[in-house]
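Engineer: Got a predicted structure plus its sequence, pasted below:
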Amino acid sequence: MQRRYITVDVFTDCAFGGNPLAVVLDAGGLSTAQMQAIAREFNYSETTFVLPPADPAHDAQVRIFTVNREIPFAGHPNVGTAFVLATLAAKPPARLLFEEGAGLVPVVIVTEQGRVVSTEFTAPQPLKRMSHVSTEQAAALLSLTASDVRTDRHPPQVISVGLSFIAVELASRAALRRAKPDAAAFERTFPCDGSDAVYFYTRDVPSSEKPCELQARMFHPGASGLSEDPATGSATAAAAALLADLDATRDGELKLRIRQGVDMGRPSLLLTRVRKKNGAIESIHVGGGSVKMMDGTFRV
């Protein structure tokens, strides 16, 4: 049977930027093993498979696969899949609701003059703050020294809003640029509270770079060893929630512009909103643009 797919670059408004995603449409009837093999064939950080929802009140079931495994939630797959489905509709909907392993994921569709310009997901789970990792171990993951790690706001820690990561703040943009994944340190550290990846960022953004509040990177296991992700919506959502949780603001909306993928030549821009009420996080949102790249069919 022939299956249609569309690929998009996510968290960018330019082709060949952002994070590539393959969206397999009409995936009903594919086995889990087939989905995993297809994801490995595309060899993107994630591939999504769109299936009919279990509840007709929802828009779709979306299954998300890396090259190695199925995961319960991820950020750029939601932004990109919603963009694809909205652009295929005769009239773009205002919102889509996806069934995923981590729960229901609402995605808002932003249009201008009837054209989809961006999409924004709401995290399916509240912020979870889990195990701390020593400064030395966090630095080792990145081939850096302990002096490169900043701990005045938070120690290196596993966090999650549906998928867990170790979050590490670095002291400088130079340290962010120098970082390289260390395989031995990854083997010593992971798995850790369900995490196998490290998300690291800095507030030190030079005026010579495009404006943003944070610059970030993320290392994770890929098809053939450790690799870098150009734009990680799930980790960005968790990091934005952590920073909002630490912020003294009790009521209101905290926004961040976070750039990722710059040092690997796939610049991405992720826009976050975290709503707080009475000092507690009410909701966590991450959005951005997508660009359609390819479409075609394959036979399984």
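Structural biologist: In hand now; what should we look at?
Engineer: list the contacts for the closest residue to R173 other than its chain neighbours?
Structural biologist: Distances taken as Cβ to Cβ, 6 or more residues apart in numbering put D204 closest to R173, at 4.7 Å, once the chain neighbours are dropped. (Glycine included, C-beta is placed from N, CA and C.) For D204, the contacting residues are L170, A171, S172, R173, L176, Q215, by Cβ atoms under 8 Å, 6 or more residues apart in numbering.
Engineer: Could you name the helices and strands sitting against whichever helix or strand M218 is part of?
Structural biologist: Per DSSP states H and E: M218 is located in strand 214-222. For strand 214-222, the elements it packs on are helix 173-178, strand 198-202, strand 225-228, helix 233-246, strand 252-260, judged by 3 or more Cβ pairs under 8 Å, 6 or more residues apart in numbering; DSSP states H and E.
Engineer: From the centroid of this protein, which residue is nearest?
Structural biologist: Taking Cα atoms, centre = their mean as the criterion, G233 is the residue nearest the geometric centre of the chain, at 2.2 Å.
Engineer: in the one helix or strand in the chain whose mean pLDDT sits lowest, what counts as buried?
Structural biologist: Least confident helix or strand, the chain: strand 225-228 with a mean of 92, by mean pLDDT, DSSP states H and E. With burial defined by 16 or more other Cβ atoms under 10 Å, the residues of strand 225-228 counted as buried are L226, E228.
Engineer: Which residue ranges make up each domain of the protein?
Structural biologist: Dividing the chain into domains by automatic domain parsing, as the record does, gives the ranges 2-123+288-299, 128-287.
Engineer: sorry, back to before: rebuild the contacts of D204 as CSV, extending it with pLDDT and neighbour count.
Structural biologist: Converted to CSV, those look like this (pLDDT from 0 to 100; neighbours: other Cβ atoms under 10 Å):
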residue, pLDDT, neighbour count
L170, 98, 26
A171, 98, 17
S172, 98, 15
R173, 98, 18
L176, 98, 23
Q215, 98, 24
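Engineer: Now compare those residues and name the two farthest from each other.
Structural biologist: With distances taken as Cβ to Cβ, the most widely separated pair in the contacts of D204 is A171 and Q215, at 12.5 Å.
Engineer: any common contacting residues for the two?
Structural biologist: T202, D204.
Engineer: And the helices in the stretch 1-150 of the chain, which stretches?
Structural biologist: Secondary structure of the stretch 1-150 of the chain, counting by DSSP state H, counting those that start in this stretch: helices at 32-42, 75-88, 135-141.
Engineer: Distance from the chain centre to stretch 225-242, please.
Structural biologist: 5 Å (Cα atoms, centre = their mean, to the nearest Å).
Engineer: Not counting sequence-adjacent ones, nearest residue to Q137?
Structural biologist: For Q137, ignoring the flanking residues on the chain, the nearest one in space by Cβ to Cβ, 6+ apart is T189 at 6.0 Å.
Engineer: Assess the claim that the one you found and S131 are in contact.
Structural biologist: No. In this structure, T189 sits apart from S131 without contact. The criterion is Cβ atoms under 8 Å, and the distance is 10.2 Å.
Engineer: Please identify which of these two sits among more neighbours.
Structural biologist: Counted by other Cβ atoms under 10 Å, T189 and S131 do not tie: T189 has more neighbours, with 20 against 13.
Engineer: And the pLDDT at that one?
Structural biologist: Each residue has a pLDDT score; the one for T189 is 97.
Engineer: Now do the phi/psi pair for it.
Structural biologist: Backbone torsions of T189, given as degrees, to the nearest 10, read phi -90, psi -40.
Engineer: I'd like the numbering to begin with 23 instead of 1 from here.
Structural biologist: From this message on, residue numbering opens at 23, which makes the last subject T211.
Engineer: so what's it up against?
Structural biologist: Contact analysis of T211 by Cβ under 8 Å, 6+ apart lists V155, Q159, L163, I188.
Engineer: Pretty sure the residue nearest to R195 sits in a strand.
Structural biologist: No. When classified by DSSP: H, G, I helix; E, B strand; the rest coil, D226 is found to be coil rather than part of a strand.
Engineer: that older thread, please report how far the residue nearest to Q159 lies from L198.
Structural biologist: Relative to L198, T211 is positioned 19 Å away (criterion: Cβ to Cβ, to the nearest Å).
Engineer: can you check P148 too?
Structural biologist: The span separating P148 from L198 equals 28 Å under the rule Cβ to Cβ.
Engineer: cool, and T144?
Structural biologist: Distance, T144 to L198, using Cβ to Cβ: 28 Å.
Engineer: now do V296
Structural biologist: Counting by Cβ to Cβ, the gap from V296 to L198 is 22 Å.
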